[in-house]
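S.K.: Here is my input; please provide its structure:
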Amino acid sequence: MLSPTSRHNVYKQMPGANPFKVLDNSDIFLIRNKEKERRKLELQSQLSLRVHEKVTYAGRMKAKQGDLLRELREGLEEDTAQPGGEESSLAQQQNTPAWRVAMIKDRNIDKESMNEFITKKREMFLLEYSLAVKRGEIEQLEKMATGQERKLMRAERFLEDDAIMFDEFLKENDKNSVEAIKVAELETKVKLEKVTEIKRLTTRMVTIKSDISKFEDIIKEYTMYKEFLFKLSPPEWQEAQRAKGKTPKANSTTKSATKDKSKEKDKDERATPKRGVESRASFASRELPPLRDARAPSRQSIVQSDKPSPVAELETDSSEYEEHPELYFTDPRQLLELLSELEEQNLSLIQNSRETEEALEVFSKVMDHTRKKMELETVQLTQQIDIMTHTIQRERDRATELELRARLFNFGKYKSADQEFMLDSLGAKVEEVYRSCVGDTEANLSTLQMLTVIESRLGELLENVEMIPKERLLMAERTKEKERRLRLRDEKMHQAKQHQEERLKRALERAQADIKKTTGKKLMARSQPPAGKLKTSQVYDISDKEKEEQLYFFT
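M.R.: This next block holds a predicted model:
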């Protein structure tokens, strides 16, 4: 539970709080914590005081009573600031000696010096003077408040007048809006009627256009048939029809010239009334913009119709040579016979075209195959050329180096007779190789010529190797490899036999040789110094996984 003083302190710290209202649980705990902190601070301050500065329990209680009296005095001063008749009574009560005695009844009056008494009196005078000044300010503020209240009353009156005027304005606005809605409804009715009329006309136009397009398609089909029959007719008849069409054309040109002159005269006579009609039409177009917009597509269709269509061109072309359509074919059987002939020709042409296409496909396949083969051969040949050029260059470098070494090695040692003998032996070996590769020849060839022939023969054989099937080539390689292994085994066996014979011969010689008696001490090999042990530092190898983890987490 909280003490009365603590409650009083709490309500003092919380201005505007109602002291007669039960606080919430959260507020009670907050107040309790604050009271504990305040008591702790007071205890600490009391402990930090010196001995002569400390106060007993009775002194602390009197100090609390003095605080309460001070707060009471402050509350009374606030009550004096309130307007009304209570102000004079409170002031008289405060000035009475009994009230003052009651205020200082519980005080511990000590002896005071003259200076302290004067200072206190001076402070009391200053306080009374400040109270008087504050009372005057309060009166001035009350006067200002009354003036402001009057102004507010006037402003409220003006606001009421403005509200009345605004209500009248709203009523007039409502009337105008009702009238505008009626006018808008009438206009929408008229607009809907016009829209329905426009839709009806547009649907009629669409149906007319669809009929026109159907008739145009029929005309195109008939003109196509007509042109087809005209082209099937013999050329003499076509020329005759064209000649017939030229004579009426000249007559029509003379007639059109006279008609143009008469039309020009009529235009000059009717120029003035047309202007009035045009002005009226422009005025009507200004009055009715939606109808003008609706008729725009029809005008475009008229413009398009003014342009010469392909059907009209065909008609003019066909009408150049005839006024009344005439046909060369009088009997349908003629057409059927002609069509059967054309069909036979078409079939023969189709068959020829298929045969040519098949031949062309075969030719294209052969060409592709040969082209691929030639490309592959060219690639192989280029590779062989590169390899041969590299080998030639390498052999040339080697030949020059060997020649230089041979000169340095054979300088002054061998004689010309020995060299000629060596050349003859090499020539004999080359001739033997030539006979085994090429065969016997009646012509006497030199050693270099035989070498060139052998080289060319070797190139041809290498080229032919590519043409040989891989299976045969593998079989030949296996047989050669088998022969080589057998030859190597025979050579190894012969070498082992020779080695065994040499060993037996040496053993026999050792057995038949005289025994040599050793005299003196046997020679000993020099002893090596003891090898020192090297201290090997233990190196802990880190596995690859640990290295990867270190690189991932620490870099």
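
S.K.: For Ala417, list the residues it contacts.
M.R.: By CB atoms under 8 Å, 6 or more residues apart in numbering, the contact list for Ala417 is empty. For glycine as for every other residue, the C-beta is placed from the backbone atoms N, C-alpha and C.

S.K.: tell me which element it is part of?
M.R.: helix 416-437 (DSSP states H and E).

S.K.: Likewise for Thr400?
M.R.: In this assignment (DSSP H and E), Thr400 forms part of helix 332-409.

S.K.: If you count contacts, what does that helix end up packed against?
M.R.: Other helices and strands packing on helix 332-409, by 3 or more CB pairs under 8 Å, 6 or more residues apart in numbering; DSSP states H and E, are helix 114-232.

S.K.: Okay, Arg485 and Leu474: tell me how far apart.
M.R.: To Leu474, Arg485 is 16 Å away according to CB to CB, to the nearest Å.

S.K.: Kindly apply the preceding question to Gly147 instead.
M.R.: 129 Å.

S.K.: where does the stretch 401-550 of the chain dip in pLDDT?
M.R.: 408-416, 441-443, 534-543 (pLDDT under 70).

S.K.: any idea of the angle the helix holding Thr400 forms with helix 114-232?
M.R.: Relative orientation of helix 332-409 versus helix 114-232 (axes from the mean of the first three to the mean of the last three CA atoms, to 10 degrees): 120 degrees.

S.K.: Numbering from 45 from now on, please.
M.R.: Got it, the first residue is 45 from now on, which makes the last one we talked about helix 376-453.

S.K.: Can you give me the pLDDT of Asp261?
M.R.: Asp261 is assigned a predicted lDDT (pLDDT) of 93.

S.K.: Count the neighbours of it for me.
M.R.: Residues contacting Asp261 under the criterion other CB atoms under 10 Å number 11.

S.K.: Can you read off the backbone torsions of Arg94?
M.R.: phi -80, psi 180 (degrees, to the nearest 10).

S.K.: for it, what are its contacts?
M.R.: By CB under 8 Å, 6+ apart, no residues touch Arg94.

S.K.: Gly483 too?
M.R.: With contacts taken as CB under 8 Å, 6+ apart, Gly483 has no neighbouring residues.

S.K.: Where does it sit: helix, strand or coil?
M.R.: What DSSP: H, G, I helix; E, B strand; the rest coil gives for Gly483 is coil.

S.K.: which residues are contacting stretch 435-449?
M.R.: Residues from elsewhere that reach stretch 435-449 (CB under 8 Å, 6+ apart): none.

S.K.: Which stretches in the stretch 495-599 of the chain count as strands?
M.R.: Counting by DSSP state E, counting those that start in this stretch, the stretch 495-599 of the chain has no strands to list.

S.K.: What are the boundaries of the helices in it?
M.R.: Per DSSP state H, counting those that start in this stretch, the stretch 495-599 of the chain has helices spanning 514-556, 588-598. These are given in chain order.

S.K.: mind putting these in CSV, mean neighbour count included?
M.R.: Putting those into CSV (neighbours: other CB atoms under 10 Å) gives the following:
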stretch, mean neighbour count
helix 514-556, 10
helix 588-598, 9
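
S.K.: Just send the ones you listed back as JSON lines, with distance to Met158 too.
M.R.: As requested, these are exported to JSON lines (distance: least, CB to CB, whole Å):
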{"stretch": "helix 514-556", "distance to Met158": "143"}
{"stretch": "helix 588-598", "distance to Met158": "88"}
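
S.K.: Trp281 is nearest to which of these?
M.R.: helix 514-556 (74.3 Å; CB to CB).

S.K.: the bottom helix or strand of this structure by mean pLDDT?
M.R.: When the helices and strands of the chain are compared on mean pLDDT, DSSP states H and E, helix 333-350 comes out lowest with a mean of 39.

S.K.: With just CA atoms, put the helix holding Ala461 into PDB.
M.R.: Presented in PDB, the C-alpha positions along helix 460-481 are these (Å, rounded to 0.1, in the frame of the first residue of the first chain):
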ATOM      1  CA  SER A 460      89.100 -41.900-102.800                       C
ATOM      2  CA  ALA A 461      89.400 -45.600-103.500                       C
ATOM      3  CA  ASP A 462      87.600 -46.500-100.200                       C
ATOM      4  CA  GLN A 463      84.900 -43.900-100.900                       C
ATOM      5  CA  GLU A 464      84.300 -45.400-104.400                       C
ATOM      6  CA  PHE A 465      84.100 -48.900-102.900                       C
ATOM      7  CA  MET A 466      81.500 -47.700-100.400                       C
ATOM      8  CA  LEU A 467      79.500 -46.000-103.200                       C
ATOM      9  CA  ASP A 468      79.500 -49.200-105.200                       C
ATOM     10  CA  SER A 469      78.300 -51.200-102.300                       C
ATOM     11  CA  LEU A 470      75.500 -48.600-101.600                       C
ATOM     12  CA  GLY A 471      74.600 -48.700-105.300                       C
ATOM     13  CA  ALA A 472      74.400 -52.500-105.200                       C
ATOM     14  CA  LYS A 473      72.100 -52.300-102.200                       C
ATOM     15  CA  VAL A 474      69.900 -49.600-103.900                       C
ATOM     16  CA  GLU A 475      69.700 -51.800-107.000                       C
ATOM     17  CA  GLU A 476      68.600 -54.800-104.900                       C
ATOM     18  CA  VAL A 477      65.900 -52.700-103.200                       C
ATOM     19  CA  TYR A 478      64.800 -51.300-106.700                       C
ATOM     20  CA  ARG A 479      64.400 -54.900-108.100                       C
ATOM     21  CA  SER A 480      62.400 -56.000-105.100                       C
ATOM     22  CA  CYS A 481      60.100 -53.000-105.300                       C
END
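
S.K.: got the buried residues for it?
M.R.: Neighbour counts using 16 or more other CB atoms under 10 Å place Val474, Tyr478 of helix 460-481 among the buried residues.

S.K.: do stretch 86-104 as well
M.R.: Buried residues in stretch 86-104 (16+ other CB under 10 Å): none.
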